[in-house]
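# The sequence isn't on hand, but the structure is:
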């Protein structure tokens, strides 16, 4: 967890440099501005539509009418981001412990209802399972699939979502993810599919902060068997 590469890619801005090094092109939403403190954030002119997120934590704020549209509660939330450490204050994930606080302004690549999240669990360089989250801003539901798009029948930390069609560009997403996964023993690569385009999101080392719950022990065992099925065959 303290490996320098894993620490670096835990930062939501620095991970984009990692992607550019692998693919030699922009495959993640662009960072439009980056702030090291709340004072510089308050002085900056931001686009009318963008996403604010702490690069060293989790969470985001969608802006659709310029910075002046932010409520006092939202501004307090941004201010607090600069003074929090995910390891010390929240989840004890050591890969976040040494990250410097920063907040980024990121381009919006699609409307909130257009974006589909495909979070791909990888082990020993291979995509193994896919998590799809739907209705995240209302009745958040989730469904797990195999990489050949067979739906799994159990809940994982959220109510079970309906089965949906396989994305047309799933093969492209898996191709990109496989090239990233080779740098880690385990990683979850978060991707977004908008139409026929695949965007790379965050890299997650500890999904659900290690507090993810399956509906029963049998589901937990089935998931782990599919994730690390070659554990007895080290490469």
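It's in. All figures in this text were calculated on a predicted structure; none of them were measured in a lab.
# Looks like residue 64 contacts residue 49 (just checking).
Yes - the pair residue 64 / residue 49 is scored as a contact, 5.4 Å apart, by C-beta atoms under 8 Å. Heads up, the C-betas are built off the backbone N, CA and C, glycines and all.
# Would you double-check that residue 34 falls in a helix?
No - following the definition DSSP: H, G, I helix; E, B strand; the rest coil, residue 34 is strand and is not counted among the residues of a helix.
# tell me what the least confident helix or strand in the chain by mean pLDDT is packed against?
Of all the helices and strands that make up the chain, the one with the lowest confidence by mean pLDDT, DSSP states H and E is strand 61-63; it has a mean of 91. In terms of contacts (3 or more C-beta pairs under 8 Å, 6 or more residues apart in numbering; DSSP states H and E), strand 61-63 is packed against strand 50-54, helix 72-81.
# got the domain boundaries for this structure?
For the chain, automatic domain parsing gives the domain ranges 4-106, 116-227.
# which residues of the protein score low on pLDDT?
By pLDDT under 70, the low-scoring segments of the chain are 112, 231-235.
# any idea which residue sits dead centre in it?
In the chain, the C-alpha closest to the average C-alpha coordinate belongs to residue 202, at a distance of 3.6 Å (C-alpha atoms, centre = their mean).
# about what we covered before: comparing the helices and strands packed on strand 61-63, which comes out most buried?
For the helices and strands packed on strand 61-63, ranked by mean neighbour count under the definition mean count of other C-beta atoms under 10 Å, the leader is strand 50-54 at a mean of 22.
# In its sheet, which strands sit next to that strand, and in what direction?
strand 61-63 (antiparallel), strand 103-106 (antiparallel) (DSSP bridges).
# Show me what counts as buried in the shortest one.
Spelled out, that is strand 61-63. Applying a neighbour-count criterion of 16 or more other C-beta atoms under 10 Å, the buried positions in strand 61-63 are 61, 63.
# How far off centre is it?
Remark: strand 61-63 is offset 16 Å from the chain centroid, using C-alpha atoms, centre = their mean, to the nearest Å.
# Just the endpoints, please. Distance across stretch 63-78?
Between the opening and closing residues of stretch 63-78 there is a gap of 13 Å (C-alpha to C-alpha, to the nearest Å).
# contact partners of that stretch?
Around stretch 63-78, the neighbours that count as contacts under C-beta atoms under 8 Å, 6 or more residues apart in numbering are 38, 41, 44-52, 59, 61, 103.
# thinking again about what came up before, any chance of the strands paired with strand 50-54 in CSV, with distance to residue 17 too?
Shown next, in CSV, are the strands paired with strand 50-54 (distance: least, C-beta to C-beta, whole Å):
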stretch, distance to residue 17
strand 61-63, 23
strand 103-106, 13
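# Out of those strands, the one nearest residue 34 is which?
Checking the strands paired with strand 50-54 against residue 34 by C-beta to C-beta gives strand 103-106 as the closest, at 5.0 Å.
# and stretch 218-235, how far out from the chain's middle?
For stretch 218-235, the distance from its own C-alpha centre to the chain's C-alpha centre is 23 Å (C-alpha atoms, centre = their mean).
# for the nearest residue to residue 147 once chain neighbours are set aside, helix, strand, or coil?
Sequence neighbours aside, residue 127 is the residue nearest to residue 147 in space, at 5.1 Å (criterion: C-beta to C-beta, 6 or more residues apart in numbering). What three-state DSSP gives for residue 127 is strand.
# And residue 172, by the same measure?
Secondary structure of residue 172, reduced to three states by three-state DSSP: helix.
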